[in-house]
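> here is my input, please return the structure:
(one chain, ligands or ions: 2)
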Amino acid sequence: MYPTYVRGLPDGSERGHFLALDLGGTNFRVLLITLKGIDVEMKNKIFPISQELMHGEGTLLFDYIAECLEMFQREYNLMQDTLSLGFTFSFPCKQEGLTKARLVKWTKGFTCPGVENEDVVRLLNEAIARRGSSINIQCTALLNDTVGCLMSCAFLDHNSMVGVILGTGTNACYMEHLDKVLTWDGDFDEPKRVEQSENVQHSDAISRKVIINTEWGAFGDNGELDFIRTDLDHVVDKASLNPGKQIFEKMISGMYMGELVRLVLVKCARDELLFSGETSQDLETQGRFYTKYVSKLKRDEESEGYTNTKQVLDELGVEKYTMDDCRHVQYICSTISSRAAYLASAGIATLLNRVNLPNVTVAVDGSLYRFHPHFHRRMMEKTKELLDNGIQVSDLLLTCPSCDLSPVVGCNEVHLLRYIT
Ligand code: ADP
Ligand code: MG
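Residues are numbered from 1 along each chain as shown. Ligands and ions are numbered 1, 2, ... in the order given. All right, here's what the predicted structure looks like:
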């Protein structure tokens with residue numbers, strides 16, 4: 001549980017141009033966002049992150065980010081301006097202020113040395129400075145993707161109090177009363193109201209609350225989930241880059257779901273329950289059953305002859321399969337994805353019971369949630385079942401994919417943002 005120093009949510013009145021950077025999983029994105037009331041205009045560019053960068057020295061990763069920022073500025077003709085930047089950095093950080101956050105530990109396959117325990121905003125600013133005068137960017141807020149997700153949703157729906165990510169990893173944040181945050185070391189009255197500028201209207205919704213980043217992916221790291229972990233959960237954990245860590249995440253998120261399915265398929269085949277007892281080289285290869293296959297398979301209807309399931313099995317080089325095998329593969333995918341959706345629901349219901357307001361919207365984002373055909377429905381069912389009496393979840397609102405309002409935090413908090421036009 002980490003306080004984020006984010007004390008207010010956008011209310012739709014924010015205006016201006018904002019730059020955002022999103023690092024936290026498979027890709028790295030740079031975005032230019034223009035807010036005009038509830039209209040949001042966005043330009044974004046995705047840059048790949050190679051395995052070398054994910055495991056190489058931290059300075060190389062931050063130098064690459066600075067280089068991409070400069071390319072983006074050039075492409076959109078923004079070189080003359082000093083740009084303010086909201087940095088969505090989706091790894092567990094101990095935040096010491098809005099622009100100071102130490103990485104606690106890498107997750108989701110990153111291992112770059114020289115970054116853990118360091119202030120990532122400083123590392124980014126130093127990398128930007130190393131590029132010399134060709135780039136002029138000031139990081140005005142660092143936040144987690146859960147917070148960005150909650151803010152994007154709150155912009156349109158003022159009941160939003162919880163943000164959830166179901167993508168490469170999983171995590172959640174929620175609004176908490178400051179008096180309940182025993183670790184809070186910030187000012188209880190800040191941010192004070194600042195003068196209105198011509199370019200931006202300020203939200204009045206500044207209260208004695210703060211968004212808490214739960215880092216729920218690490219739930220279970222002290223054995224709390226051992227009573228439901230299976231042998232194959234242990235196999236996935238042992239083969240990962242961070243054994244013993246992020247146990248809840250490893251039972252839920254996209255980085256691990258396909259692998260869990262693969263391990264069950266291999267076990268069933270070896271036990272002669274599937275594929276006439278035969279596997280294939282691909283099926284025996286770690287990481288080869290992608291999580292996107294689970295979504296693809298779940299779109300099959302039996303009446304259509306399991307077209308997608310067959311296609312995936314063909315791709316994996318499985319030769320001997322029957323219609324019954326297809327049905328069983330479907331069942332395995334259903335069971336593993338339902339378990340993930342139910343576990344995420346247990347976390348959401350716990351947060352909603354804690355927030356204890358009658359009608360709350362939960363903002364959910366991430367490709368697993370977005371593309372899996374049944375995740376939303378399963379989560380709605382289970383979350384409602386687990387809520388205390390009198391608490392309702394109005395909707396699990398899927399936030400706009402392209403809308404990352406992380407830089408608006410700077411607007412609410414410290415008014416450091418400068419505008420491009
Ligand atoms: P990130 O979490 O890295 O910021 P995303 O939210 O796009 O980015 O999540 C990417 C992850 O989502 C991938 O690593 C993969 O595990 C999972 N994923 C991608 N496509 C699908 C899909 N079609 N169905 C289910 N999961 C998917
Ligand atoms: Mg993301």
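> next, count neighbours for the nearest residue to R288 once chain neighbours are set aside.
Nearest residue to R288, sequence neighbours excluded (CB to CB, 6 or more residues apart in numbering): D282, at 5.0 Å. For the C-beta atoms, the positions are set from N, CA and C on the backbone; glycine is no exception. Neighbourhood size, D282 [other CB atoms under 10 Å]: 14.
> hang on, D282 packs against E319?
No. Judged on CB atoms under 8 Å, D282 makes no contact with E319 at a distance of 11.4 Å.
> show me where the stretch 201-350 of the chain has helices.
Applying DSSP state H, counting those that start in this stretch to the stretch 201-350 of the chain gives helices spanning 231-239, 247-252, 254-270, 291-298, 307-315, 323-355.
> flag every residue of the stretch 101-250 of the chain that's near ligand 1.
G167, T168 (CB under 6 Å from any ligand atom).
> pLDDT below threshold where in the stretch 201-350 of the chain?
201-207, 302-303 (pLDDT under 70).
> near ligand 2, which residues of the chain?
Residues of the chain lying close to ligand 2 (CB under 5 Å from the ion) are D145, G167.
> and the pLDDT at E116?
Per-residue pLDDT puts E116 at 97.
> so where's the stretch 51-200 of the chain shaky on pLDDT?
Residue ranges of the stretch 51-200 of the chain with pLDDT under 70: 184-200.
> give me the distance between the residue in the stretch 51-200 of the chain positioned nearest to ligand 1 and L61.
Using CB to the nearest ligand atom, the closest approach of the stretch 51-200 of the chain to ligand 1 is made by G167 at 2.5 Å. Distance, G167 to L61, using CB to CB, to the nearest Å: 19 Å.
> and what of L351?
Where L61 is concerned, L351 sits at a distance of 32 Å (CB to CB).
> again with S345
Using CB to CB, we find S345 at a distance of 34 Å from L61.
> now whichever strand or helix holds E176: buried residues?
Under the criterion of DSSP states H and E, E176 resides in strand 170-177. Residues of strand 170-177 classed as buried: T170, N171, A172, C173, Y174, M175, E176 (neighbour count, 16 or more other CB atoms under 10 Å).
> dig out what I46 forms beta bridges with.
With DSSP bridges as the criterion, I46 is bridged to R29.
> how about the contacts made by it?
N27, F28, R29 (CB atoms under 8 Å, 6 or more residues apart in numbering).
> just the buried ones from these, in PyMOL syntax?
Per 16+ other CB under 10 Å, the buried members of the contacts of I46 correspond to this PyMOL selection:
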select buried, resi 28+29
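> from the contacts of I46, which one has the minimum pLDDT?
Of all those, N27 has the smallest pLDDT value, namely 80.
> list the contacts for that residue?
By CB under 8 Å, 6+ apart, the contact list for N27 reads I46, F47, P48, I49.
> so which of the residues you listed also contact ligand 1?
Among those, ligand 1 is touched by none when using CB under 6 Å from any ligand atom.
> would CSV of the residues you listed with pLDDT be doable?
Below are the contacts of N27 laid out as CSV (pLDDT from 0 to 100):
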residue, pLDDT
I46, 92
F47, 93
P48, 91
I49, 92
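> out of those, who's nearest G390?
G390 lies nearest to I46 out of the contacts of N27, by CB to CB, at 43.2 Å.
> how about the residue in the stretch 151-300 of the chain that ligand 2 sits nearest to: what's its closest non-neighbour residue?
With CB to the ion as the measure, G167 is the residue of the stretch 151-300 of the chain nearest to ligand 2, at 5.0 Å. Distance criterion CB to CB, 6+ apart; nearest residue to G167, sequence neighbours excluded, is G366 at 3.1 Å.
> what about that neighbour, how many neighbours?
By other CB under 10 Å, 26 other residues sit near G366.
> show me the contacts for it.
G366 makes contacts with V164, I165, L166, G167, T168, T170, G254, as judged by CB under 8 Å, 6+ apart.
> what does D22 give?
The contact partners of D22, taken as CB under 8 Å, 6+ apart, are F28, R29, V30, L31, T88, S90, D145, G148, D404, S406.
> how close does G244 get to W216?
Relative to W216, G244 is positioned 16 Å away (CB to CB).
> looking at those two, which is more packed in?
The neighbour count for G244 versus W216, taken as other CB under 10 Å, is higher for W216 (26 against 12).
> contacting residues for the more buried one?
By CB under 8 Å, 6+ apart, the contact set of W216 is T170, N171, A172, F248, G347.
> ends of stretch 121-140, how far apart?
9 Å (CA to CA, to the nearest Å).
> residues making contact with it?
19, 58-59, 62-63, 65-67, 69-70, 73, 79, 81-87, 98-101, 115, 142, 407, 410, 414, 416-418.
> re earlier: which one of the contacts of I46 is nearest to Y290?
Closest to Y290 out of the contacts of I46 is N27 (15.4 Å), distances taken as CB to CB.
> re the thing from before, most tightly packed of the helices of the stretch 201-350 of the chain?
helix 247-252 (a mean of 25; mean count of other CB atoms under 10 Å).
> follow-up on the earlier one: of the contacts of I46, which is the nearest to Q286?
N27 (21.8 Å).
> how close does the closest one get to M1?
The gap separating N27 from M1 is 28 Å, by CB to CB.
> over to G223?
Note on G223: its distance to M1, by CB to CB, is 18 Å.
> quick one, which of these two is more surrounded?
M1 (13 against 10).
> give me the residue from the stretch 201-350 of the chain nearest ligand 1.
For the stretch 201-350 of the chain, the nearest residue to ligand 1 under the criterion CB to the nearest ligand atom is G254, separated by 2.4 Å.
> one more: the chain?
Residue nearest to ligand 1 within the chain (CB to the nearest ligand atom): G25, separated by 1.9 Å.
> which residue comes closest to that residue once chain neighbours are left out?
Spatially, and ignoring its direct neighbours in sequence, G25 is nearest to T168 (3.5 Å; CB to CB, 6+ apart).
> tell me which residues touch that neighbour, please.
T168 makes contacts with G24, G25, T26, K108, G109, S253, G254, M255, G366, S367, as judged by CB under 8 Å, 6+ apart.
> can you tell me which of those end up in strands?
Among the contacts of T168, no member is found in strands (DSSP state E).
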